[in-house]
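**Student:** Compute the structure for the input listed below.
(2 chains)
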Amino acid sequence: MKYLPLAGLNAFLERAAQSRKVYVPVDEEPGKSSYRLWTPGTVVSRGLNTTRSAKDFFFPQTENLAGFRIEDKKIRVLDPRRETEDFAVFGVRACDAASFGILDKVFLSEPEDTYYKNRREHGLILTMTCRRPAETCFCSVFGIDAANPGGDVSFTDDGSGWYVEAHTEKGSAFLSGMEELLEDRDPSGAEEARNKTREIMARLPLAGLKTDAFGGGKTKALFDRPEWAELSEACVGCGTCTFVCPTCQCYDIRDFDTGREIRRFRCWDSCMYSDFTKMAGGNPRLTQKERFRQRFMHKLVYFPENNDGEFGCVGCGRCLRSCPIHMNIVKVMKRLGEDDHEQ
Amino acid sequence: MRYDEIFAAMLKRAKELLADGTVNRVIGWKRGEFSYDVTPAVFETPEELDAGFVYDAFCGANVSKYLIRESEKPGRILCFLKPCDSFSFNQLLTEHRIRRENVYAVGIPCEGMADVKRIRAAGIDGITGIREEGERFIVSTLYGEESMDRREALAERCLCCKSKRHPVFDELIGDEGEDAPDDARFAEVARLETMTAEERFDFWRGELSRCIRCNACRNVCPACTCENCVFDNPASGISQKAAADSFEESMYHIIRAFHVAGRCTDCGECSRVCPENIPLHLLNRKFIKDIDELYGAYRAGDKADARNPLVNFTEGDAEARIVHERGKA
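**Tutor:** Numbering: from 1, shown residues only, chains lettered A, B, ... in the order given. Prediction:
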């Protein structure tokens, strides 16, 4: 099996960066990292997850979809599209890698979202196993294996380097140009590293989180549960959970008049915001309770209902770490999933 | 007082005040999954209090803003206010945002609030439990036990605590504290002031470039109580659902800092909640420092009917030209 020693990472990324932009997690300050464009000298973070997810590369927070300019009584359509450049994201964990499958179901179902599709086609996903999962991790609850993150190429971390494996044609093609930068190693080391990760995953405090109460067909049972009121009462209505979430996919499209032209942009929306789904005639979710409920019903009931039972959460734990008042999907699942609740 | 002693007194008092009908609800903090993830919550019965009520070094969340909504509900609510929170509460009373008669305020001591981000920044993660032992936090993790100096885990706002005194309360638990000297609080602002305008601009552009516009700073801020914020109102023309250019995120923070100037009590919630660790409190502290220097020492939230210097004309006020004079320096 191919192996990349820690000391060979820079040469590897340098080679990768010759054919495309390469983004890597970088420590911005102790304990906090974000994806940055790799340039010579960039130090790759050895920490766990980035504050923002890898979703941003495929579904950016803001993008211009089109522009319009009126010239001589004719409307000229301007094409601002630039999402056809090759790029790679290195260090994607199993949770974020799984989030792409969820986003695909939304953006690649008919009618396909060509902006997203182009980025998916031009993006190479280089995943990494987790050596030190955090107490906030619960990907295993959704059937995700932190020791087998998939993607185009996976990097199995043994502490002093990575066992490198391609999982797609795109990944094989990428690795074929890297042969001399990789060593050959016995694959037993990779299995050992994976087992270590799985052993930790099994004893995580949230590993036993139950999903039985959720899934398709549970709308009626859950929608009017009285617990939504107490769960949502302290929610400040910010968008932190939705913006750091790798699977939140709601967006808004608006036209902006620059004075010279119209720019049609798309930006992330948040169900936590008071103007979410506001429309002519009013807003179907008048208080924070309804908005809050929407977020969790979407991930735990509506999404699985429409997608063969697949949940819309990957257990990355970012919302557990970022919410200003520490309310999150785990607390919601525990409260609503309690067996002894009164209907 | 140790936190467990304070908490025991709070729990006892909460049950008494519920039992004698002084209040019908209690707002405080509720225990979470781990030892650090408490959530503000309203408790209605002694059983609910026993099940989840907590007060320890992780109850940094300021509950005063919730009283805007809670004081509109029937009955009286008991709130436990740390010194910081009581300044916010008093400022909200000054702005007539809370129905005072519907709130029973108990001032509680604060021994400094820890920030789990600072524990993680010290390289400790996988946190399964935290306990205080004297001046140290003993942190159990998935990877073994760690220990760190208590002060190193405290939030920045607590390391330069402005006051241990409660400017408003109906009763107190423990002895009343005193104001702290301001030097430490303004040290970082003073450092920024020594920069050139370009350096300072670069500093703020760098910090604010990380903003994801989640609006957590605004929504948690006890001074941000507009019913419809200008940034949420499409009719305002500057609603900024998405940033048109890279300066717009900075704009949002600049406007917000101006709007809370003279009203911000420096509770530090904006920086606590920022997922990107932007030191937003420094913007507000700069205004506080300037107001102190230009109009005389003033503390928002210290006195309930006070007029803040920015809305109170006196002959000795700084003239507008101060902007140009200072700009040259």
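**Student:** Any idea how many residues pack against the closest residue to A:G67 other than its chain neighbours?
**Tutor:** Leaving aside its sequence neighbours, A:G67 sits nearest to A:L78 (C-beta to C-beta, 6 or more residues apart in numbering or on different chains; 3.3 Å). C-beta coordinates here come from the backbone N, C-alpha and C atoms, glycine included. Using other C-beta atoms under 10 Å in any protein chain shown, A:L78 has 14 neighbouring residues.
**Student:** A:L78 contacts A:A66, doesn't it?
**Tutor:** Yes - contact criterion C-beta atoms under 8 Å: A:L78 and A:A66 qualify, at 6.6 Å.
**Student:** follow-up on the earlier one: show me what contacts the residue nearest to A:G67?
**Tutor:** A:66-69, A:261 (C-beta atoms under 8 Å, 6 or more residues apart in numbering or on different chains).
**Student:** Please pick the buried ones from these.
**Tutor:** Buried members of these, scored by 16 or more other C-beta atoms under 10 Å in any protein chain shown, are A:66-67.
**Student:** What residues does the stretch 101-250 of chain A have near chain B?
**Tutor:** Within the stretch 101-250 of chain A, the residues that sit near chain B (C-beta under 8 Å from any C-beta of the partner chain) are A:132-135, A:200, A:203-206, A:230, A:233-234, A:236-240, A:242-244.
**Student:** Show me which residues of the stretch 151-300 of chain B are close to chain A?
**Tutor:** B:210, B:212-216, B:218-220, B:232, B:234, B:241-244, B:269, B:272-273, B:275-277.
**Student:** Which residue is the nearest non-sequential neighbour of A:K196?
**Tutor:** Per C-beta to C-beta, 6+ apart, closest to A:K196 is A:R131, 7.3 Å.
**Student:** what about B:P181, neighbour count?
**Tutor:** Neighbours around B:P181, by other C-beta under 10 Å: 8.
**Student:** element containing it?
**Tutor:** B:P181 is part of no helix or strand, with elements assigned from DSSP states H and E.
**Student:** So for B:A329, what's the pLDDT?
**Tutor:** We note a pLDDT of 54 for B:A329 in this prediction.
**Student:** Could you do A:I200 as well?
**Tutor:** For A:I200, the predicted pLDDT is 97.
**Student:** right, and the secondary structure at it would be what?
**Tutor:** helix (DSSP: H, G, I helix; E, B strand; the rest coil).
**Student:** which residue packs closest to it, ignoring adjacent ones?
**Tutor:** A:I200's closest residue in space is A:P133 (C-beta to C-beta, 6+ apart), at 5.6 Å.
**Student:** shouldn't the one you found be in contact with A:T197?
**Tutor:** Yes - using C-beta under 8 Å, A:P133 makes contact with A:T197 at a distance of 7.4 Å.
**Student:** Neighbour count: the two, which is higher?
**Tutor:** Relative neighbour count places A:P133 above the other of A:P133 and A:T197, with 27 against 22, counting by other C-beta under 10 Å.
**Student:** For the more buried one, which residues are in contact?
**Tutor:** A:48, A:146, A:197, A:200-201, A:204, B:126, B:142.
**Student:** Which of the residues you listed fall in helices?
**Tutor:** A:197, A:200-201 (DSSP state H).
**Student:** if we can go back for a sec, roughly how far does the residue nearest to A:G67 sit from A:W162?
**Tutor:** Distance, A:L78 to A:W162, by C-beta to C-beta, to the nearest Å: 44 Å.
**Student:** Pick out the residue closest to the middle of chain B.
**Tutor:** When C-alpha atoms, centre = their mean is applied to chain B, the residue found nearest the centroid is B:C267 (3.0 Å).
**Student:** my guess is it meets B:P83, correct?
**Tutor:** No - using C-beta under 8 Å, B:C267 is not in contact with B:P83; the gap is 9.9 Å.
**Student:** so where do the helices sit in chain A?
**Tutor:** Under DSSP H, chain A gives helices at A:9-19, A:94-107, A:114-122, A:169-176, A:188-202, A:219-223, A:227-232, A:240-244, A:288-297, A:303-306, A:318-322, A:329-337.
**Student:** In JSON lines, list the ones you listed along with distance to A:W38.
**Tutor:** Shown next, in JSON lines, are those (distance: least, C-beta to C-beta, whole Å):
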{"stretch": "helix A:9-19", "distance to A:W38": "5"}
{"stretch": "helix A:94-107", "distance to A:W38": "18"}
{"stretch": "helix A:114-122", "distance to A:W38": "17"}
{"stretch": "helix A:169-176", "distance to A:W38": "15"}
{"stretch": "helix A:188-202", "distance to A:W38": "24"}
{"stretch": "helix A:219-223", "distance to A:W38": "44"}
{"stretch": "helix A:227-232", "distance to A:W38": "41"}
{"stretch": "helix A:240-244", "distance to A:W38": "22"}
{"stretch": "helix A:288-297", "distance to A:W38": "34"}
{"stretch": "helix A:303-306", "distance to A:W38": "33"}
{"stretch": "helix A:318-322", "distance to A:W38": "23"}
{"stretch": "helix A:329-337", "distance to A:W38": "32"}
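**Student:** what's the longest helix seen in chain B packed up against?
**Tutor:** Secondary structure of chain B per DSSP H: the longest helix is helix B:3-19. The contact analysis (3 or more C-beta pairs under 8 Å, 6 or more residues apart in numbering or on different chains; DSSP states H and E) places helix B:3-19 against strand B:25-30, helix B:46-52, strand B:53-54, strand B:77-81, strand B:103-107.
**Student:** List the buried residues for the first one?
**Tutor:** Residues of strand B:25-30 classed as buried by neighbour count (16+ other C-beta under 10 Å): B:25-30.
**Student:** Among those residues, which pair sits farthest apart?
**Tutor:** The distance between the two most remote of those (C-beta to C-beta) is 14.3 Å, for B:R25 and B:W29.
**Student:** Report the contact partners of the residue of the stretch 151-300 of chain A found nearest chain B.
**Tutor:** Here the stretch 151-300 of chain A gets closest to chain B at one residue, A:C267, 3.3 Å apart by C-beta to the nearest C-beta. By C-beta under 8 Å, 6+ apart, the contact set of A:C267 is A:61-63, A:251-252, A:254, B:241-242.
**Student:** per-domain residue ranges of the chain.
**Tutor:** Went with chain A since none was named. Domain ranges of chain A: A:2-202, A:219-337, per automatic domain parsing.
**Student:** oops, I was thinking of chain B
**Tutor:** Split by automatic domain parsing, chain B gives B:3-115+B:155-172, B:117-148, B:183-328.
**Student:** Spell out, range by range, the strands that occur in the chain.
**Tutor:** Picked chain A for this. A:2-5, A:21-29, A:32-37, A:62-71, A:74-78, A:87-92, A:123-128, A:153-157, A:161-166, A:183-184, A:251-257, A:262-268 (DSSP state E).
**Student:** To clarify, I was referring to chain B.
**Tutor:** Under DSSP E, chain B gives strands at B:25-30, B:39-43, B:53-54, B:77-81, B:103-107, B:127-133, B:136-141, B:144-149, B:171-172.
**Student:** out of everything not next to it in sequence, what's closest to B:N284?
**Tutor:** In space, B:N284 is closest to B:C264, 4.3 Å off (C-beta to C-beta, 6+ apart).
**Student:** Relative to its centre, which residue of chain A is most distant?
**Tutor:** Max distance from the centre of chain A (C-alpha atoms, centre = their mean): A:D72, 44.9 Å.
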